[in-house]
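[1] attaching a predicted model along with its sequence, questions to come.
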Amino acid sequence: GLDDAGKTNVAAAPLTQEEIFGRNDLKDFQKEKKKTSKVNNTLASKVIEIAENKRGKYVVILENGQIWRQLSADTDKLRVPKDASGIGVTIKRKALGAHVLSLETGKRSIRVERIK
């Protein structure tokens, strides 16, 4: 159709796989996109408290106010010191929106969901 200025407003067709093949500028764009998306895939904070709920799952309160709970399907255990306050914690976003929490004091990790 025509717009008010009399120009045709035809949307550009998406590129086919054949048109994309060998285009270095597109490959570089994808690399940049991956680099920038990784920036927001990790959260680092400090622990205020780590507790276990009635089901034996960890609940982790962070200094930034967030509260994370271990998924009910996750049976992994962390090595939690008696006083966990102030320990560094890292939460990484994985595929399909899953999150994994690990403490700086050990190599173990648990799958978690944010509840606050």
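    Yep, that arrived.

[2] need the three-state assignment for Leu96.
    Three-state call for Leu96 (DSSP: H, G, I helix; E, B strand; the rest coil): helix.

[3] might one say that Leu101 is in contact with Arg114?
    No - Leu101 lies out of contact with Arg114 (CB atoms under 8 Å); the separation is 10.1 Å. For every residue, glycine as well, the C-beta is placed using N, CA and C.

[4] looking at those two, which is more packed in?
    More neighbours surround Leu101 than the other of Leu101 and Arg114, with 25 against 12 (other CB atoms under 10 Å).

[5] wait, is that one part of a helix?
    No - according to three-state DSSP, Leu101 belongs to no helix; its state is strand.

[6] is it bridged to anything, and to what?
    Ile91, Ile110 (DSSP bridges).

[7] what separation do you get for it and Val60?
    6 Å (CB to CB, to the nearest Å).

[8] shared neighbours, those two?
    Counting by CB atoms under 8 Å, 6 or more residues apart in numbering, the common neighbours of Leu101 and Val60 are 68, 89, 112.

[9] and the angle from the helix or strand hosting the last one to strand 99-103?
    Going back to what we said before, that points to Val112. In the assignment (DSSP states H and E), Val112 maps to strand 109-114. Taking axes from the mean of the first three to the mean of the last three CA atoms, to 10 degrees, one finds strand 109-114 and strand 99-103 inclined to each other by 120 degrees.
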